[in-house]
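> Below are the sequence and a predicted model for it; my questions follow.
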Amino acid sequence: MTKIYLFMIVCMYNPSLSLEDTCKIVPMSDPFSSMRECLNMGTMLKTKIELEMMNAYSTAFCSEKYFTSA
């Protein structure tokens with residue numbers, strides 16, 4: 001069975017942050033039914049983050065995970 005997951009990478013432009021705290025990877029726990037649905041949600045979240053936080057930069061990607069039942 002295939003499930004599609006969204007991952008967001010959000011980086012903050014803030015000189016007071018350490019290098020390790022500048023970017024975070026945020027996996028979304030709920031799977032999507034199609035790659036297009038996942039990519040659309042990623043685009044929507046990316047736009048929302050960048051409109052609400054002027055010093056934030058983000059990107060999104062989707063990944064398929066294959067699960068086999070035992």
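Cool, got the structure.
> Please report how far the residue nearest to the spatial centre of the chain lies from Glu37.
Central residue of the chain (Cα atoms, centre = their mean): Met8, 1.4 Å from the mean position. Going from Met8 to Glu37 by Cβ to Cβ, to the nearest Å gives 15 Å. Glycine gets a C-beta too; all of them are placed from N, C-alpha and C.
> Pull out the buried positions in the helix or strand harbouring Phe61.
Using DSSP states H and E, Phe61 falls within strand 56-66. Residues 58, 60, 62 are the ones in strand 56-66 that count as buried (16 or more other Cβ atoms under 10 Å).
> Strand partners (parallel or antiparallel) of that strand?
Based on DSSP bridges, the pairing partners of strand 56-66 within the sheet are strand 2-12 (antiparallel).
> Sheet-wise, list the partners of the helix or strand that the strand it pairs with is followed by with their directions.
Counting by DSSP H and E, the next helix or strand C-terminal to strand 2-12 is strand 23-27. Strand 23-27 pairs in its sheet with strand 2-12 (antiparallel), by DSSP bridges.
> in the partner strand, what counts as buried?
Across strand 2-12, burial judged by 16+ other Cβ under 10 Å covers 4-6, 8, 10.
> Format the CA atom coordinates belonging to that strand as PDB.
The C-alpha trace of strand 2-12 is given here as PDB (Å, rounded to 0.1, in the frame of the first residue of the first chain):
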ATOM      1  CA  THR A   2       1.300   3.500  -0.900                       C
ATOM      2  CA  LYS A   3       0.800   6.600   1.200                       C
ATOM      3  CA  ILE A   4       1.900  10.100   0.300                       C
ATOM      4  CA  TYR A   5       3.300  12.400   3.000                       C
ATOM      5  CA  LEU A   6       4.100  16.100   3.000                       C
ATOM      6  CA  PHE A   7       7.300  17.500   4.400                       C
ATOM      7  CA  MET A   8       7.900  21.200   5.000                       C
ATOM      8  CA  ILE A   9      11.300  22.800   5.500                       C
ATOM      9  CA  VAL A  10      11.000  26.200   7.200                       C
ATOM     10  CA  CYS A  11      14.000  28.600   7.600                       C
ATOM     11  CA  MET A  12      14.000  31.800   9.600                       C
END
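> Kind regards, and thank you for your time.
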